[in-house]
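Trainee: Mind folding the following:
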Amino acid sequence: MGNVVIDNHVAPAGEQKVSPVIQQLKLSQIVICPGTQARAAEHETAVSDYAEAMKDGAVFPPVVVFDNGEGAEQGDDPLYFLGDGFHRVAACTRNGTETISAEIRQGGRLEALKYSIEMLRDGIKNGLRTTSYDKRHAVKMALLNFTEASQTEIAALCGVTQQYVSKIAGTLQRVVTSTETRKDSRGRPQPKRKPRRKKLTPQEQKQLDECEATIAKHVTSSWGMHYAEMAILDLELISPTDSEREQAFAHVEQWIAGARQQQAA
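Mentor: Predicted coordinates:
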C-alpha cells in the first residue's frame, strides 16, 4: 500500500508492548490540511458539544498524531500529522485553547490517514455515527493515496466490499477525465468557464491563508492532482438543495483565484 504496510500482526502472549508517548502539543504543531481525515466532514454538533464539555472541565482521551522523524526546520516546533481527534482539535480551537494532549506514534501523513480510516472502519470514533458519505470519502482517500494497493486491500482497510471500491474507483476515473478538458456536444474542445468571484470574510481568508501556508511547506507538488481529485469528489457530495451550495462553490473559486494570483506574483 505505497509505503504503508497493512499490518495484521497480533502480539503473542508475553511479548512486551511499547508504552505510548503522551505529550502536550501546541495546536499549531498539528497538521490537518494535507488530508488525513477519513470522515467526509466534521460534525458541527459534536464540535459544539465537545467545546462546551471542555469548558466544564471534561477530560478527553489524547488525540493520536504521527511523527515522521524528519524533524522541523531550525527555530520551528516539530509538526505532527493528525490521525484521530479531529473534533477534539476543532473544539479546542473554538475555545481558544493552545495545547492538547496527544499520543505520538511513528509515521507520516500516510500512516496517519491509514489510522484514521481504520478508526472509522472499526467504529472507534467516540460514538459518532458513520455516514455513507464518510464511507465513500474513506474509500476515495485510500484509492488516491495508496495507489499501489489492490482493490481487495482497499476494501479490507475500509471495511467495505471490493465491488464498492470498484464503483468508487470508476467514479474517480471519470472525474479525472472530465477535468482534463471541456467539450461541446460535437466533441470540440472549449475554453474553461470563468469562475464567479465572491469576497471572503476576514476569518475565512485567515483560515485559507493558514492552510495554504501549511500545504506549501509540508506537501510536495507531486500530490497536486490527488488533492484536486479529492476536492472535486467532495464537492460532488453537496446536494443541489443545500442552502450553502453556492456559498461553498464561491469559497472554492475565491481560493483558486487567490492561489493563481499568488503564484503569478
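Trainee: what about stretch 21-31, start to end distance?
Mentor: 18 Å (CA to CA, to the nearest Å).
Trainee: Sketch out the low-pLDDT regions of the stretch 1-150 of the chain for me.
Mentor: 1-18, 33-34, 70-76, 124-127 (pLDDT under 70).
Trainee: Please parse the protein into its domains.
Mentor: Domain assignment for the chain, taken from automatic domain parsing, gives 19-129, 131-180, 192-265.
Trainee: Reformat these as CSV; add mean neighbour count.
Mentor: Placement of C-beta: from N, CA and C, glycine included. Shown next, in CSV, are the domains of the chain (neighbours: other CB atoms under 10 Å):
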stretch, mean neighbour count
domain 19-129, 17
domain 131-180, 17
domain 192-265, 12
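Trainee: For the stretch 1-150 of the chain, which segments are assigned as helices?
Mentor: Here the stretch 1-150 of the chain has its helices, by DSSP state H, counting those that start in this stretch, at 44-55, 86-95, 109-121, 132-145.
Trainee: Asp67: which of those is closest?
Mentor: helix 109-121 (9.7 Å; CB to CB).
Trainee: Now the closest one - C-alpha only, PDB.
Mentor: Output of helix 109-121 as PDB, limited to C-alpha atoms (Å, rounded to 0.1, in the frame of the first residue of the first chain):
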ATOM      1  CA  ARG A 109       0.900  11.600   6.600                       C
ATOM      2  CA  LEU A 110       0.000   8.200   5.000                       C
ATOM      3  CA  GLU A 111       0.300   6.400   8.300                       C
ATOM      4  CA  ALA A 112      -2.000   9.000   9.900                       C
ATOM      5  CA  LEU A 113      -4.500   8.600   7.100                       C
ATOM      6  CA  LYS A 114      -4.400   4.800   7.300                       C
ATOM      7  CA  TYR A 115      -5.000   5.000  11.100                       C
ATOM      8  CA  SER A 116      -7.900   7.400  10.600                       C
ATOM      9  CA  ILE A 117      -9.500   5.000   8.100                       C
ATOM     10  CA  GLU A 118      -9.100   2.100  10.400                       C
ATOM     11  CA  MET A 119     -10.700   4.000  13.300                       C
ATOM     12  CA  LEU A 120     -13.700   4.900  11.100                       C
ATOM     13  CA  ARG A 121     -13.900   1.300   9.900                       C
END
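Trainee: That one to helix 132-145, inter-axis angle?
Mentor: Computed by axes from the mean of the first three to the mean of the last three CA atoms, to 10 degrees, the angle separating helix 109-121 from helix 132-145 equals 150 degrees.
Trainee: So which elements touch helix 109-121?
Mentor: Counting contacts by 3 or more CB pairs under 8 Å, 6 or more residues apart in numbering; DSSP states H and E, helix 109-121 packs against strand 63-67, strand 80-84, helix 132-145, helix 151-158.
Trainee: redo that, cut-off 6 Å
Mentor: Applying 3 or more CB pairs under 6 Å, 6 or more residues apart in numbering; DSSP states H and E, we find helix 109-121 packed against strand 80-84, helix 132-145, helix 151-158.
Trainee: and the angle for it with strand 80-84?
Mentor: Using the same axes, to 10 degrees: helix 109-121 against strand 80-84 is 10 degrees.
Trainee: Show me the contact partners of helix 109-121.
Mentor: Here helix 109-121 makes contact (CB atoms under 6 Å, 6 or more residues apart in numbering) with 4, 34, 36, 38, 66, 81, 83-84, 138, 145, 157-159.
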